[in-house]
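**Q** could you work out the structure for the sequence below:
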Amino acid sequence: MLQKTATLYRNAYGGISREIWLLAFVMFINRSGTMVIPFMSVYLTQALHFSLAQAGLVVSCAGAGGILGVYLGGKLTDKLGHYYVQMASLALGGSMFFVLMHMRTMPTLCLTTFALSLVGEAFRPANSTSIAYYSTPENRTRAYAINRLAINIGWAIGPALGGFFATIGYQYLFIADGITNISAALVLLLLVKNRTQDSSSENHKTTQNPMPQSAFRDVVYMRFVLFTTLFAVGFMQFFSMVPVFWKTQLHVSEFYIGLLLGTNGLLVAAFEMILIYHIEPLRHKLVFISWGVLFCGLSYSLFVVFQGIVWILPLAVVTITLSEMLAMPFMTSFSIERSTPQTRGQYSALYSMCYSIAQVAAPTLGGQIATRFGYYVLWGVIVGLMLVAAVGFRWVKNLLEKETFSTSPPSLS
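**A** Sure thing, here's the model as predicted:
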């Protein structure tokens with residue numbers, strides 16, 4: 001049994017290039033240093049004695065900077081190359097943490113936080129594009145899953161370390177975040193060689209040909225972006241509004257909430273690669289994405305069907321985790337396959353912007369609905385959004401099939 005399990009994991013993780021593992025290591029270092037943003041509101045209210053409203057304004061500036069940073073990162077990636085944008089984002093972003101730790105007024109805090117987020121989030125589309133160059137069409141989805149594994153492990157470590165450093169002094173959060181960013185840039189510089197050609201034998205391999213020269217003119221992809229944003233807004237509620245709901249309505253302890261949310265990352269780390277390895281050849285990516293979106297809606301529906309029942313919470317976590325594992329790796333892979341080597345940065349940026357927008361919109365919209373109408377109405381709204389998104393992804397698949405049929409050469413038989 002142990003030998004079969006070991007073989008299964010070896011096959012799932014096999015065939016991945018050295019560069020992909022190094023990029024995942026760079027991502028792990030970067031995300032392990034994610035300490036300032038999770039504690040920003042606490043730092044502003046406790047250490048600098050700003051009001052909660054002022055702290056919210058600064059955090060909103062971070063969100064706005066992130067949205068713009070992702071877009072500009074994609075544009076620069078197509079112009080300058082994925083390698084140099086990653087390097088600049090990590091090095092400059094790391095340096096800016098040392099600047100931010102000395103800011104004490106609202107204008108300087110808002111401006112510096114905006115700039116820091118803008119520079120830091122430019123890394124995301126560049127990194128996504130980079131993975132496409134170091135992977136092949138056959139292992140691309142698994143390559144993105146390895147990157148997500150690094151993100152999940154890093155996110156588990158970063159806030160925990162941040163809590164430790166915060167007890168010593170908030171300045172250590174900025175120092176640690178800056179050092180990890182710069183360290184990630186050094187690892188990228190010293191261990192990863194720049195590549196501007198695909199590792200596959202074909203320069204561009206997709207099922208759609210020819211492709212638009214701009215993602216904004218790609219009708220199929222823009223619909224994909226729309227429904228991805230709907231999914232992201234719903235998914236992000238689980239890590240913004242759901243913990244508040246558990247605490248205030250179900251009276252769950254902070255320790256149990258942390259345990260439940262931490263289980264999500266552990267399940268992703270343990271099973272996502274195995275799942276993808278088994279199911280990827282079976283269906284089109286958009287089919288798995290639509291299933292993932294439906295599982296997201298199912299997770300929230302458990303709160304409505306089993307109102308006030310605490311034992312249902314672990315099942316809800318498992319369901320939302322399955323949603324994440326089915327949807328997100330295939331979404332990333334689809335966005336890259338839809339692009340050309342010349343437009344990958346732009347396509348990656350638009351995909352990343354879906355989640356940047358959701359990070360700002362999810363707590364804002366969720367908070368408004370929960371305050372005015374109650375949490376159960378909010379969960380019902382999200383279930384409805386997920387149904388719309390699931391049908392939408394099926395529609396995108398139909399459009400894709402029509403597009404492929406219309407561009408196929410006529411049969412000679």
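**Q** look up how far residue 78 lies from residue 118.
**A** Plainly put, residue 118 is 18 Å away from residue 78 if you go by CB to CB, to the nearest Å. C-beta coordinates here come from the backbone N, C-alpha and C atoms, glycine included.
**Q** and if you look at residue 239?
**A** Remark: distance between residue 239 and residue 78 (CB to CB) = 31 Å.
**Q** which one of these two is surrounded by more residues?
**A** Just comparing residue 239 and residue 78: by other CB atoms under 10 Å the higher neighbour count belongs to residue 78, 23 against 14.
**Q** ok, that one touching residue 345?
**A** Yes: contact criterion CB atoms under 8 Å: residue 78 and residue 345 qualify, at 3.9 Å.
**Q** residue 175 versus residue 182, what's the distance?
**A** Here the criterion is CB to CB. By it, residue 182 lies 11 Å from residue 175.
**Q** between those two, tell me which one has more neighbours.
**A** More neighbours surround residue 182 than the other of residue 182 and residue 175, with 20 against 15 (other CB under 10 Å).
**Q** what's the host helix or strand of the more buried one packed up against?
**A** Taking DSSP states H and E as the definition, residue 182 sits inside helix 171-191. Packing partners of helix 171-191 (3 or more CB pairs under 8 Å, 6 or more residues apart in numbering; DSSP states H and E): helix 18-32, helix 82-100, helix 140-168.
**Q** I'd like those helices laid out as a markdown table, including mean neighbour count and distance to residue 262.
**A** Below are those laid out as a markdown table (neighbours: other CB atoms under 10 Å; distance: least, CB to CB, whole Å):
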| stretch | mean neighbour count | distance to residue 262 |
| --- | --- | --- |
| helix 18-32 | 21 | 15 |
| helix 82-100 | 21 | 25 |
| helix 140-168 | 20 | 7 |
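**Q** I'd like the ones you listed as a markdown table, with distance to residue 392 appended.
**A** Converted to a markdown table, the helices and strands packed on helix 171-191 look like this (distance: least, CB to CB, whole Å):
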| stretch | distance to residue 392 |
| --- | --- |
| helix 18-32 | 29 |
| helix 82-100 | 29 |
| helix 140-168 | 21 |
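**Q** which of the ones you listed sits closest to residue 263?
**A** Across the helices and strands packed on helix 171-191, residue 263 has its closest neighbour in helix 140-168 (10.6 Å, CB to CB).
**Q** pLDDT on the biggest helix by length in the chain, on average?
**A** Counting residues, the longest helix found in the chain (DSSP state H) is helix 375-407. For helix 375-407, mean pLDDT rounds to 91.
**Q** in that helix, what's buried?
**A** Using 16 or more other CB atoms under 10 Å as the test for burial, helix 375-407 gives 375, 378-383, 385-386, 389-390, 392-397, 400, 403.
**Q** just checking, what packs against it?
**A** The helices and strands touching helix 375-407, judged by 3+ CB pairs under 8 Å, 6+ apart, are helix 219-236, helix 241-248, helix 285-305, helix 344-373.
**Q** can you put those in a markdown table and add distance to residue 54?
**A** Below are the helices and strands packed on helix 375-407 laid out as a markdown table (distance: least, CB to CB, whole Å):
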| stretch | distance to residue 54 |
| --- | --- |
| helix 219-236 | 23 |
| helix 241-248 | 21 |
| helix 285-305 | 32 |
| helix 344-373 | 17 |
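**Q** of all the ones you listed, which one comes closest to residue 67?
**A** Using CB to CB as the measure, helix 344-373 is the one of those that comes nearest residue 67, at 4.5 Å.
**Q** before we move on, what's the pLDDT of residue 143?
**A** 93.
**Q** just give me the residue right at the centre of this structure.
**A** Nearest to the mean C-alpha position of the chain, by CA atoms, centre = their mean, lies residue 355 at 6.3 Å.
**Q** can you tell me how far the residue nearest to it when sequence neighbours are not counted is from residue 27?
**A** Spatial nearest neighbour of residue 355, chain neighbours left out: residue 232 (4.9 Å); criterion: CB to CB, 6 or more residues apart in numbering. Going from residue 232 to residue 27 by CB to CB gives 19 Å.
**Q** what's the local residue count around residue 139?
**A** If we define neighbours as other CB under 10 Å, then residue 139 has 21 of them.
**Q** do the same with residue 5
**A** A count of neighbours around residue 5, defined by other CB under 10 Å, yields 10.
**Q** which element is it on?
**A** Using DSSP H and E, residue 5 sits in helix 2-13.
**Q** just want the angle from that helix to helix 140-168.
**A** Between the axes of helix 2-13 and helix 140-168, defined by axes from the mean of the first three to the mean of the last three CA atoms, to 10 degrees, the angle is 100 degrees.
**Q** with only the CA atoms kept, save helix 2-13 in CSV.
**A** The C-alpha trace of helix 2-13 is given here as CSV (Å, rounded to 0.1, in the frame of the first residue of the first chain):
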residue,chain,number,x,y,z
LEU,A,2,2.8,2.4,0.9
GLN,A,3,4.7,1.5,-2.2
LYS,A,4,1.6,2.2,-4.4
THR,A,5,1.1,5.5,-2.7
ALA,A,6,4.7,6.5,-3.2
THR,A,7,4.5,5.5,-6.9
LEU,A,8,1.4,7.5,-7.3
TYR,A,9,3.0,10.7,-5.9
ARG,A,10,6.2,10.1,-7.9
ASN,A,11,4.2,9.8,-11.1
ALA,A,12,2.1,12.9,-10.3
TYR,A,13,5.2,15.0,-9.6
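**Q** shouldn't residue 382 be in contact with residue 300?
**A** Yes: under the criterion of CB under 8 Å, residue 382 makes contact with residue 300 at 4.8 Å.
**Q** overlap of the contact sets of those two?
**A** Jointly contacting residue 382 and residue 300 under the rule CB atoms under 8 Å, 6 or more residues apart in numbering are 234, 237.
**Q** need the pLDDT of the residue nearest to the centre of the chain.
**A** For residue 355, the pLDDT comes out at 91.
**Q** which strands or helices does the helix holding residue 5 pack on?
**A** So helix 2-13, by 3+ CB pairs under 8 Å, 6+ apart, packs with helix 140-168, helix 254-279.
**Q** same list (those helices) but as JSON lines, adding distance to residue 226.
**A** Output for the helices and strands packed on helix 2-13, formatted as JSON lines (distance: least, CB to CB, whole Å):
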{"stretch": "helix 140-168", "distance to residue 226": "21"}
{"stretch": "helix 254-279", "distance to residue 226": "25"}
